[in-house]
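Colleague: Okay, here's the prediction I keep looking at, along with the sequence it came from:
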Amino acid sequence: MFIHYLRYNLLTMLRKKEVIFWTLIFPIALSTFMFAAFGHVNETTEMAKPVPVVVINEQEDPAFTQVLEMVSTGKKPLLDIKDMSESKAKKALKDGDIVGIYYVRDTITLTVKGNELKETVLSSFLDQYLQRRETMTMNDVNACRERITSHGNPDNLISYFYAILAMGCLFASFNGVDRLQGLQANLSTLGARRGVAPTPKSIIIFSEFLAGLLLQFTVSIIGFLYMWKVLGIQFGDRTLEMIPILFLGCACGLSLGIFIGALKIPRTFGGKMGLTVSLSMLLSVADDLCAPNVRIMIEHHLPIINRLNPAALISDAFYALDIYETNTRYLTNLCYLGGITLFLCVASYLMIRRNRYASL
């Protein structure tokens, strides 16, 4: 019986053209347009050259000095360190000859003039150094150097493609709402027939969820392979470890749709779908889909939102694989995604199980 329901649900979902469009075609089209617009900006514009910066040493910091030396030498240096006095550096910053000034004190600070891509690079570099400063040793410095020259993609534009993958996972919620429509007698005739069927609801619900997860996971893998193999997006050298992120991301997106579909309000299918679209886009925008550094700003001011936003967790897990050598942050994000998925599934099941109808 379970296999029959699973096969039936898969065939039904494959015939839903709107679901296939939003979960497969739209993310692929969006990633194509974004790649066409920004895909080679680092190689053809300002990031092709190192960022000019001045370092004002008000006190000694050997570790920071060594890190600066590493990122300002080699075939593709990140920084171009200028030797100037503080007064000349301020004038050069005002004239646009340099991008920023690092002040080495008890706390290293950065002064910049604007908020463009190069300024963001300097700020991100300093943030990463300060995060590692407490535990930094000579071996850590060498590890930093190896990470910079790895197969990862450290440019900021990769965050847009992470956000597209996360959005695609969240769009599984459309399928979740559609699946719930077929389980509720007040929303569809199919739900009415299932309401009087002798098959246990647990079998029906689980088959719906598993079929939706298999389809959405397959769709996400196709989108990921398209970005990686066709567009040539450099996702780093740990691509196999990205598969669990996509799997849990799809599960979380699907469970979110099921949860919305199980809510008493809105009462109509159109209202539930409208709420799903609005929430999915809001969560995606908070994950840098439309503008850079939104997720970072939220992390600084209200980090709890990023812990509850599945899109932010998905993107941060990708980021952790690309940047960090340990799996702590990666596994933490996976645990959050799994916890949110479990909570939404249990809550949805309890709401559906208690549904009662005056007549069918």
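Modeller: That came through fine.

Colleague: mind showing which ranges of the chain have poor pLDDT?
Modeller: Within the chain, the segments meeting pLDDT under 70 span 1, 39-48, 133-156, 184-199, 201, 354-360.

Colleague: measure I221 to L231 for me?
Modeller: Distance of I221 to L231, given as C-beta to C-beta, to the nearest Å: 15 Å. To be clear about C-beta, it is placed using only N, CA and C from the backbone, and glycine gets the same treatment.

Colleague: Give the other helices and strands that the strand or helix carrying C169 contacts.
Modeller: According to DSSP states H and E, C169 maps onto helix 158-170. Applying 3 or more C-beta pairs under 8 Å, 6 or more residues apart in numbering; DSSP states H and E, we find helix 158-170 packed against helix 26-38, helix 201-225, helix 243-262, helix 269-285, helix 310-323.

Colleague: What residues sit buried inside the third one?
Modeller: So the one you mean is helix 243-262. Across helix 243-262, burial judged by 16 or more other C-beta atoms under 10 Å covers 245-262.

Colleague: between the next helix-or-strand element following the helix holding C169 and helix 243-262, how big is the angle?
Modeller: For helix 158-170, the following helix or strand on the C-terminal side (DSSP H and E) is helix 172-181. Between helix 172-181 and helix 243-262, the angle comes out at 40 degrees (axes from the mean of the first three to the mean of the last three C-alpha atoms, to 10 degrees).

Colleague: tell me which residues in helix 172-181 are buried?
Modeller: 172-181.

Colleague: swap in stretch 111-131?
Modeller: Quick answer for stretch 111-131 (16+ other C-beta under 10 Å): 112, 117-123, 125-126, 128-129.

Colleague: Now distance to T276 too, for these, in JSON lines please.
Modeller: What follows is these, written out as JSON lines (distance: C-beta to C-beta, whole Å):
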{"residue": "V112", "distance to T276": "40"}
{"residue": "L117", "distance to T276": "34"}
{"residue": "K118", "distance to T276": "39"}
{"residue": "E119", "distance to T276": "37"}
{"residue": "T120", "distance to T276": "33"}
{"residue": "V121", "distance to T276": "37"}
{"residue": "L122", "distance to T276": "40"}
{"residue": "S123", "distance to T276": "35"}
{"residue": "F125", "distance to T276": "39"}
{"residue": "L126", "distance to T276": "39"}
{"residue": "Q128", "distance to T276": "36"}
{"residue": "Y129", "distance to T276": "41"}
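
Colleague: Closest to A320 out of those?
Modeller: Comparing the buried residues of stretch 111-131 against A320 with C-beta to C-beta picks out Q128 as the nearest, at 12.5 Å.

Colleague: contacts for stretch 4-18?
Modeller: Residues outside stretch 4-18 that contact it (C-beta atoms under 8 Å, 6 or more residues apart in numbering) are 19-20, 174-175, 178-179, 182, 199, 203-204, 207-208, 210-212, 214-215.

Colleague: which of those residues are buried?
Modeller: 19-20, 174-175, 178-179, 182, 204, 207-208, 210-212, 215.

Colleague: farthest pair in these?
Modeller: So, those by C-beta to C-beta: farthest apart are I20 and I204, at 22.7 Å.

Colleague: Shouldn't A291 be within a helix?
Modeller: No. Remark: A291 does not belong to a helix; assigned using DSSP: H, G, I helix; E, B strand; the rest coil, it is coil.

Colleague: residue contacts, L130?
Modeller: I108.

Colleague: On the three-state scheme, it is what?
Modeller: Classified using three-state DSSP, L130 is helix.

Colleague: I'd guessed S207 sits against F2; true?
Modeller: Yes. Using C-beta atoms under 8 Å, S207 is in contact with F2, at 5.7 Å.

Colleague: Please parse this structure into its domains.
Modeller: 2-39+157-353, 49-148 (automatic domain parsing).

Colleague: Most tightly packed of those domains?
Modeller: domain 2-39+157-353 (a mean of 18; mean count of other C-beta atoms under 10 Å).

Colleague: my guess is V54 meets K91, correct?
Modeller: No. Using C-beta under 8 Å as the test, V54 is too far from K91 to be in contact (10.7 Å).

Colleague: M167: which of the helices and strands packed on helix 158-170 is closest?
Modeller: Across the helices and strands packed on helix 158-170, M167 has its closest neighbour in helix 269-285 (4.3 Å, C-beta to C-beta).

Colleague: hang on, T111 is in a strand, isn't it?
Modeller: Yes. Using three-state DSSP, the assignment for T111 is a strand.

Colleague: could you redo the buried ones among the contacts of stretch 4-18 as JSON lines and give each row distance to A36?
Modeller: Below are the buried ones among the contacts of stretch 4-18 laid out as JSON lines (distance: C-beta to C-beta, whole Å):
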{"residue": "V19", "distance to A36": "26"}
{"residue": "I20", "distance to A36": "23"}
{"residue": "F174", "distance to A36": "26"}
{"residue": "N175", "distance to A36": "28"}
{"residue": "D178", "distance to A36": "31"}
{"residue": "R179", "distance to A36": "35"}
{"residue": "G182", "distance to A36": "39"}
{"residue": "I204", "distance to A36": "44"}
{"residue": "S207", "distance to A36": "40"}
{"residue": "E208", "distance to A36": "38"}
{"residue": "L210", "distance to A36": "37"}
{"residue": "A211", "distance to A36": "35"}
{"residue": "G212", "distance to A36": "32"}
{"residue": "L215", "distance to A36": "28"}
